[in-house]
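K.L.:
heads up, no residue letters with this:
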């Protein structure tokens, strides 16, 4: 690597790299404004501070919320049922047919068992029990797959379920998804959400 530097001494970090963005040329006690790169306004508007939220946007389930309809089921879906009701499942999203023909996204049905966890499911240890959280659902491992279970109380998660709505109860703002209530809290400088019973 040193040989590369010997043949290319003019190489330097370019605008857009962390090294260049954080480096200001100072000569004789003042800033050399010719070497300062102003940050374009469009970059400032697009900057996000919650990396965890950005990571979640990459998963299939992040783009779906209850009530959304689609015309065709995704390739690779599986059929699951609970209590005599059938669902189509794909990577954290549950669908039901509508009378008009398309398929509607529904809230994860408590009690249904799916063959595998959604991509990006986060393990959460509560006492001696490991839950998995993804797409607004909590899962427990079963001998035949993973069961959707009611949200355990007092659990902190980094993101809300897709389509969660805000409600104001006794002076506090909560977010509701299905039968689960989430209270926003600050954890390590970012907003997290605790499952509660208001």
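P.N.:
Yes, it's here. Here the structure is a predicted model, which means the values were calculated and not measured.

K.L.:
give the ranges of residues in this protein that sit below the confidence cut-off.
P.N.:
Within the chain, the segments meeting pLDDT under 70 span 1-58.

K.L.:
where exactly do the helices run in it?
P.N.:
Along the chain, counting by DSSP state H, helices occupy 2-7, 18-21, 41-46, 51-56.

K.L.:
distance of the residue nearest to residue 65 when sequence neighbours are not counted relative to residue 128?
P.N.:
Take residue 65 and drop its neighbours on the chain: the residue closest to it by C-beta to C-beta, 6 or more residues apart in numbering is residue 163, 2.8 Å away. For the C-beta atoms, the positions are set from N, CA and C on the backbone; glycine is no exception. With distances taken as C-beta to C-beta, to the nearest Å, residue 163 is found 32 Å from residue 128.

K.L.:
swap in residue 118?
P.N.:
When C-beta to C-beta is applied, the distance between residue 118 and residue 128 equals 23 Å.

K.L.:
which one's more surrounded, these two?
P.N.:
Using other C-beta atoms under 10 Å as the criterion, residue 118 and residue 128 rank with residue 118 on top: 22 against 5.

K.L.:
enumerate every residue touching the more buried one.
P.N.:
Taking C-beta atoms under 8 Å, 6 or more residues apart in numbering as the contact definition, residue 118 lies against 59-61, 91-92, 134-135, 137.

K.L.:
how many neighbours does the residue nearest to residue 108 when sequence neighbours are not counted have?
P.N.:
Closest residue to residue 108 apart from its sequence neighbours, by C-beta to C-beta, 6+ apart: residue 137 at 3.6 Å. Per other C-beta under 10 Å, the neighbour tally for residue 137 reads 30.

K.L.:
what's the burial count for residue 148?
P.N.:
Here the count is done by other C-beta under 10 Å, and residue 148 has 21 residues near it.

K.L.:
no, scratch that, I was asking about residue 133
P.N.:
Burial of residue 133, expressed as a neighbour count using other C-beta under 10 Å, amounts to 23.

K.L.:
again, but for residue 70
P.N.:
Residue 70 is flanked by 13 other residues according to other C-beta under 10 Å.

K.L.:
so what's the closest residue to it other than its chain neighbours up against?
P.N.:
By the measure of C-beta to C-beta, 6+ apart, the closest residue to residue 70 outside its immediate chain neighbours is residue 103, 5.4 Å from it. Applying C-beta under 8 Å, 6+ apart to residue 103 gives the contacts 69-73, 88, 95-97.
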